[in-house]
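In: Let me see the structure of the following:
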Amino acid sequence: MSIGALWVRLRLPENGSLKGKRKVLKSITSRVKNKFNVAIAEVQDYDLWQVATMGVVCVSNDGRHANELLSKVIDFIEALREDAEILDYQIEILHAF
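Out: From the prediction side, this is the model:
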């Protein structure tokens, strides 16, 4: 069993409030969940208006599949153009059993 973890840091340059940030993140979160069936949540930078850090996790029977899936999530977020640009990301694959 493999667990894929993705950490992605976003910049929201057009955002001027926490309410606006939540709106953008909710849109990204729901679209990613619906398309890829992964767990996703904001994990850092809760009080910053123009920066967000999201965590995405998947479970697979193959580490390569988990890595491929999370790479597709990055490409999908980049293509959304939801007033968010990717500053940095990191993928980690953990093997259990």
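
In: contacts and neighbour counts: CA atoms only from here.
Out: Will do.

In: got the CA positions of stretch 22-34 in CSV?
Out: Only the C-alpha atoms of stretch 22-34 are listed here, as CSV (Å, rounded to 0.1, in the frame of the first residue of the first chain):
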residue,chain,number,x,y,z
ARG,A,22,-12.2,30.9,1.2
LYS,A,23,-14.3,31.3,-2.0
VAL,A,24,-11.3,30.5,-4.2
LEU,A,25,-10.1,27.6,-2.1
LYS,A,26,-13.6,26.1,-1.8
SER,A,27,-13.9,26.1,-5.6
ILE,A,28,-10.5,24.5,-6.0
THR,A,29,-11.2,22.0,-3.3
SER,A,30,-14.5,20.8,-4.7
ARG,A,31,-13.2,20.5,-8.2
VAL,A,32,-10.2,18.5,-7.2
LYS,A,33,-12.2,16.2,-5.0
ASN,A,34,-14.8,15.6,-7.7
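
In: Run through the strands of this structure in chain order.
Out: 2-11, 39-44, 51-60, 85-95 (DSSP state E).

In: can you list those strands in TSV and add mean pLDDT?
Out: Shown next, in TSV, are the strands of the chain (pLDDT from 0 to 100):
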stretch	mean pLDDT
strand 2-11	95
strand 39-44	94
strand 51-60	95
strand 85-95	94
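
In: Quick one: closest of those strands to Phe76.
Out: For Phe76, the closest of the strands of the chain is strand 85-95, at 11.1 Å, according to CA to CA.
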